[in-house]
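**Q** Using only what follows, build the 3D model:
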Amino acid sequence: MTLVRTVGPGPRSNAFARDLFGDLPRRYDRLEELLSFGQNRRWRTAMVDAVTASSLPLRDVLDVATGTAGVAMDLAARTSARVTGLDLTEPMLRVGQERVAARGYEGRVRLVCGRAEQLPFPDSTFDALTFTYLLRYVADPAATLRELARVVRPGGVVASLEFHVPSAPLWLPLWRLYTRALLPLGGLVGGGRAWADVGRFLGPSIEEHYRQLRLEAHVRAWQGAGLVDVHTRVMSLGGGLVMWGRVAGG
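**A** Below is the predicted model of the structure:
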């Protein structure tokens with residue numbers, strides 16, 4: 001499999017994401033599950049469920065911020081579609097290539113290095129699109145959502161997974177304790193300095209994102225991008241958020 005590279009240097013937000021995740025790929029999937037107490041897989045399954053429930057035939061699906069291709073392979077396993085996985089970070093994609101080959105999906109999953117804010121695809125290319133943990137790393141979430149919706153056919157499903165902030169009085173202090181103290185320590189023990197850096201970054205980053213763009217504002221941004229029937233599902237006591245909707249016109 002050849003890695004398709006379509007991305008240039010990009011803005012500062014892209015460079016930050018590349019630097020943050022460039023050293024993580026080898027243990028990324030195992031540590032992602034461990035540090036989320038196994039909830040990441042539940043969230044991913046719920047997101048893919050929204051795609052598989054689509055009434056449109058699924059021939060071509062795009063997974064944005066695919067990382068090491070975990071969601072792309074989930075989509076290939078649960079549909080008959082050709083799946084394209086796009087990510088900004090080449091080291092992640094190279095590990096993803098190895099995983100795709102090991103799972104026997106080379107004929108069904110291709111990986112592309114590119115930016116979510118400037119997708120290298122024509123309008124209405126895909127029957128569905130997924131993206132994970134993306135909007136905190138782009139300068140303009142609303143414009144990025146419009147770009148994502150642009151490449152999906154009318155009636156096609158767009159589904160996403162993001163971290164969320166618990167709102168209950170009991171769970172929010174515990175979540176802050178975990179993200180501020182236990183997550184960096186667990187990252188350091190399990191994955192070294194690079195994972196400790198990510199652990200220190202995540203909690204404050206998630207809270208700041210929702211201070212600027214609350215859940216209701218997320219829904220409005222999806223609607224402003226031309227998506228209808230937008231649904232939200234807050235999971236795991238508020239720690240995860242799955243959203244899905246349809247591109248208008250179908």
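**Q** For the rest of this, base every contact and every neighbour count on C-alpha atoms.
**A** OK.
**Q** three-state assignment of the residue nearest to Val234 when sequence neighbours are not counted?
**A** With Cα to Cα, 6 or more residues apart in numbering as the criterion, Val234 has its nearest non-adjacent residue at 4.6 Å, and that residue is Leu241. Assigned by DSSP: H, G, I helix; E, B strand; the rest coil, the conformation of Leu241 is strand.
**Q** again, but for the one 5 residues further on
**A** Following three-state DSSP, we place Arg246 in the strand state.
**Q** quick one, helices of the protein?
**A** Using DSSP state H, the helices of the chain run over residues 12-21, 28-35, 39-52, 70-78, 90-103, 141-150, 171-177, 183-191, 193-212, 215-224.
**Q** Could you pull out the buried residues of the last one?
**A** Right, helix 215-224. Going by neighbour count (16 or more other Cα atoms under 10 Å), the buried part of helix 215-224 is 218-223.
**Q** Distance of the residue nearest to Val234 relative to Thr79?
**A** The gap separating Leu241 from Thr79 is 23 Å, by Cα to Cα, to the nearest Å.
**Q** quick one: the residue positioned nearest the centre of the chain from Glu106, how far?
**A** Using Cα atoms, centre = their mean, the residue of the chain that lies closest to the mean C-alpha position is Thr132, 1.0 Å off. Taking Cα to Cα as the measure, Thr132 falls 22 Å from Glu106.
**Q** before we move on, back to that, Tyr133 is in contact with the residue nearest to Val234, correct?
**A** No: with contact defined as Cα atoms under 8 Å, Leu241 does not count as touching Tyr133 (9.9 Å).
**Q** Quick check on these two: which one has the bigger neighbour count.
**A** Leu241 (21 against 14; other Cα atoms under 10 Å).
**Q** residue contacts, that one?
**A** 43, 161-164, 232-235 (Cα atoms under 8 Å, 6 or more residues apart in numbering).
**Q** for Gly245, same thing?
**A** Applying Cα under 8 Å, 6+ apart, the residues near Gly245 are 157-159, 227-231.
**Q** go with 10 Å
**A** The contact partners of Gly245, by Cα atoms under 10 Å, 6 or more residues apart in numbering, come to 50-51, 155-160, 219, 222-223, 226-232.
**Q** Tell me where the longest strand sits in this protein.
**A** strand 152-163 (DSSP state E).
**Q** Could I get the CA-only coordinates of it as CSV?
**A** What follows is strand 152-163, C-alpha atoms only, in CSV (Å, rounded to 0.1, in the frame of the first residue of the first chain):
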residue,chain,number,x,y,z
VAL,A,152,-20.8,13.8,1.3
ARG,A,153,-23.7,13.1,-1.0
PRO,A,154,-27.1,14.5,-0.2
GLY,A,155,-28.8,12.2,2.4
GLY,A,156,-25.4,10.7,3.5
VAL,A,157,-24.6,10.4,7.2
VAL,A,158,-21.9,12.3,9.0
ALA,A,159,-21.1,11.0,12.4
SER,A,160,-18.5,12.0,15.0
LEU,A,161,-16.9,11.1,18.3
GLU,A,162,-15.4,13.8,20.6
PHE,A,163,-14.5,13.9,24.3
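**Q** Show the buried residues in the contacts of Leu241.
**A** In the contacts of Leu241, burial by neighbour count holds for 43, 161-164, 232, 234-235, counting by 16+ other Cα under 10 Å.
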